[in-house]
Every structure is written in structure tokens, then in C-alpha cells.
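Trainee: predicted model and sequence below, questions to follow.
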Amino acid sequence: MRLALFAISGAVTSPAGDKDGNVYFADTAANKIYKSDAAGMVALFKENTKGARALRVGPDGRLYAAQAGRVVSYGVTGDEKVVAQNVDAADLAITAKGEMYYSDPSHRKVGLIDAKGQARTVYEGSEIALPHGLALSPDQAMLVVSDAQSRFSWSFQLSADGGLIHGEPFYRLEMPESGWMSGVTGVTLDSIGQVYFATPLGVQMCEANGRTAAILNAPEPGAITALALAGDWLYVAEGGKLFRRPVKVKGVPAWAPAKLPRPPL
């Protein structure tokens, strides 16, 4: 892992890439959002964000974020618009149609916000103890949901109306030897369907068939809490710092769904 791009005394979280290779990330404690260009130059993007987290860039080019009790979006100049009210999201996943899935660990549910800003619950059950990280498959036919308590993260198919169906605990991840919480938070996929999880043990990579294939060590001692693929880089957040390393795989943004190859046996 390369040296840190950025370090603060608070908590760096939610790296999210845009169409131009820029990456946005939040400092929730300081109510700020920063922007790093492809060269690694970091600048302040937005102040007074009300603890914005769960950053994602939508197909319209706007930056979406969760605040306490609502979801908002920002334009390139930082103008803020309210997208949905009465939503308490830990993570977001946006489709090419502009619909948005969100995780709500407090209520153990996953919701969907439609293009008009109306929210409804699409998963509410006891099987996923703490739903947290969300990521769509490259073809946007599946949704991966990480469980911050269990070693298993889940895979759901998307129904025609956006609901979640045929869910199963598909990804079996390694857990710390001590403690009973998996601590699995962020998740992202690459263009061939490999899944990357942010965990206390590092970045755990699973093949499309659900098998854990590799664990990338954290850049420093501590837990990785968020990650993103943007351009030729894998970005990870850990301990108040944002790191990146060059990779040969590519992420698939919300605005450019891609056909998946046949998964390995």
C-alpha cells in the first residue's frame, strides 16, 4: 500500500470516485468533505456538511451523502440538495436509473430510495445482524450487503421493482481471533465480479463464486473501514488516513453498468 494521501486527527471515511478520476472522502467529525485528484492532490470540497458520510457519485455526476436523518447531494460547486428525508443510512449504492439503496444498521434493514425521493424498506430481517456496506454487481443485477457482526456477507438478486430477493449468506470472510464482531464495513466490486471488503484484518477479496481468494494487509496496524476502486487505484480509509495503491483491476461506476464474465468454478 502506498503512503497516505491524507491524514487527520478525526476519521477519514467513504472514498468515492467520479467520472474524471477524482476521489471524494469525508471527515465526519470536522463536518468536511475533501477531494483528491488522480495525481493525489487533496483540496477541501465542502464545509459544514452536518457529519456527511457514505459518499457516492451518482449517474448525474452529483455527489450523494448521508446525513443524520436524510440523504443529500452536492453539485460540482458544493451546492446542496435534499434527496430524501427520514432516512438514517450507513452506506449507499446508486443504480444507473438514479435509484439508491441504503443500509440502516440501527433498524437492521436495507431501504430503497426511488428517483422521486420516496423511501421504502426492501429487507428487514434477523438474518443480517448489522447490515452495513452496500455494493451493486457490475451488471446491477445483484446487491452485496456486508454484515458488521457476522463472518458472512450476503448477496441478493434485484427484482423488477427494485426489491431484494433470493438472499443468501454468500461470502464467508475471515474474522479476528479475539472478539465476536466481524467488523466488516465497506464493500466494492471490480469489473469481473470480484468483491473487496473492508475488514479489521485488511482488504479481503472474494472471487465471484464467493470464495475468499486473498487478504491484503492494512497499510498500518488497525482496521480498514472503507474502500473504493477509482481509476487505476484502490483507495482505503484507516485510522484517520486515506491510502491508495495501484491495481490492475477496474471498478464499475453507477453510470456504466457492465456485463459480467462467467464466474470461476
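Mentor: Thanks, I have it.

Trainee: tell me which residues in stretch 86-103 are buried?
Mentor: 87-95, 98-103 (16 or more other CB atoms under 10 Å). No exception for glycine: its C-beta is placed from N, CA and C like everyone else's.

Trainee: pLDDT below threshold where in the chain?
Mentor: For the chain, applying pLDDT under 70 flags the ranges 1-3, 6, 8-10, 263-265.

Trainee: give me the subset of the buried residues of stretch 86-103 lying in strands.
Mentor: 91-94, 100-103 (DSSP state E).

Trainee: what about Val203, how many neighbours?
Mentor: 22 (other CB atoms under 10 Å).

Trainee: skip the chain neighbours and tell me the closest residue to it.
Mentor: Nearest non-adjacent residue to Val203, counting by CB to CB, 6 or more residues apart in numbering: Leu216, 4.1 Å away.

Trainee: how close does the closest residue to Gly239 other than its chain neighbours sit to Met41?
Mentor: In this structure, Gly239 finds its nearest non-sequential neighbour in Gly222, 4.5 Å apart by CB to CB, 6+ apart. For Gly222, the distance to Met41 (CB to CB, to the nearest Å) stands at 25 Å.

Trainee: may I have the strands that pair with the host helix or strand of Arg56, each with its orientation?
Mentor: Using DSSP states H and E, Arg56 falls within strand 53-57. Taking DSSP bridges as the criterion, strand 53-57 sits next to strand 63-67 (antiparallel) in its sheet.

Trainee: so what touches the strand it pairs with?
Mentor: Here strand 63-67 makes contact (CB atoms under 8 Å, 6 or more residues apart in numbering) with 14, 16, 18, 24, 26, 33, 45, 49-58, 71-74, 83, 87-92, 94, 100, 102.

Trainee: Gly222: neighbouring residues, count only.
Mentor: Residues near Gly222, counting by other CB under 10 Å: 12.

Trainee: identify the residues contacting the closest residue to Asp104 other than its chain neighbours.
Mentor: Sequence neighbours aside, Asp88 is the residue nearest to Asp104 in space, at 5.5 Å (criterion: CB to CB, 6+ apart). Asp88 is in contact with 66, 68-69, 104, 106-107, counting by CB under 8 Å, 6+ apart.

Trainee: among those residues, which one has the most neighbours?
Mentor: Within the contacts of Asp88, most neighbours by other CB under 10 Å means Ala66, with 29 neighbours.

Trainee: from Tyr101, how far off is that one?
Mentor: According to CB to CB, Ala66 stands 12 Å off from Tyr101.

Trainee: find residues that contact each of the two.
Mentor: By CB under 8 Å, 6+ apart, the residues touching both Ala66 and Tyr101 are Leu92.

Trainee: endpoints of stretch 88-106, how far apart?
Mentor: 8 Å (CA to CA, to the nearest Å).

Trainee: do stretch 88-104 as well
Mentor: Start to finish, the residues bounding stretch 88-104 are 6 Å apart (CA to CA).

Trainee: just checking the distance from it to the centre of its chain.
Mentor: 9 Å (CA atoms, centre = their mean, to the nearest Å).
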